[in-house]
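>>> Okay, structure incoming, though there's no sequence with it:
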């Protein structure tokens with residue numbers, strides 16, 4: 001198991017909001033003991049010299065091996081959080097996307113590898129599913145901007 005701590009510098013990230021009905025595609029987030037504590041949409045860091053659009057296309061291609069279409073407006077929010085005593089600070093660009101590989105919408109679980117080769121699983125989560133399981137949606141503040149969930 002990989003122990004993750006937030007970078008001690010401000011990060012700029014992108015996430016793609018892929019929907020199957022009212023369910024959002026998101027990856028499991030574990031605590032240090034391996035317990036799933038929440039989920040987050042797929043995406044990652046913007047590299048130097050890369051636009052947010054280029055970064056989102058690259059990140060989803062790396063994770064799911066598919067192209068995407070950006071189909072919604074961009075949203076930006078700031079996320080300052082604590083994870084196991086370490087403070088993280090990030091600015092996140094989020095946009096609704098469609099996955100070009102339509103077969104991915106038929107799969108309940110999508111297994112992939114993170115950039116560091118860590119195995120990861122993405123599933124389609126509804127708001128009630130998360131609440132019933134006592135899991136959070138990350139990054140903090142994302143749930144408030146999801147109009148499909150009528151927060």
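Happy to help now that I have it. Here the structure is a predicted model, which is why all the values come from computation and not from measurement.

>>> contacting residues for the closest residue to residue 7 other than its chain neighbours?
Of all residues not flanking residue 7 in the chain, residue 88 sits nearest, at 6.9 Å (CB to CB, 6 or more residues apart in numbering). Where you see a C-beta, it was placed from the backbone N, CA and C, and this is true even at glycine. Neighbour list for residue 88: 6, 7, 11, 79, 80, 81, 82 [criterion: CB atoms under 8 Å, 6 or more residues apart in numbering].

>>> what about residue 88, which SS state?
Reduced to three states with DSSP: H, G, I helix; E, B strand; the rest coil, the structure at residue 88 is strand.

>>> From residue 42, how far off is it?
Distance of residue 88 to residue 42, computed by CB to CB, to the nearest Å: 18 Å.

>>> In contact with the residue most central in space within the chain, which residues are there?
Nearest to the mean C-alpha position of the chain, by CA atoms, centre = their mean, lies residue 41 at 2.0 Å. Residue 41 makes contacts with 15, 16, 17, 18, 24, 25, 26, 27, 94, 142, as judged by CB under 8 Å, 6+ apart.

>>> I'd like the next helix or strand past the biggest helix by length in the chain.
The helix that spans the most residues within the chain, counting by DSSP state H, is helix 52-64. The helix or strand immediately downstream of helix 52-64 is strand 68-70, counting by DSSP states H and E.

>>> Could you check how far whichever helix or strand comes after that next one is from the centre of its chain?
Sequence order places strand 75-83 as the next helix or strand after strand 68-70, per DSSP H and E. In terms of CA atoms, centre = their mean, to the nearest Å, the centre of strand 75-83 is set 13 Å apart from its chain centre.
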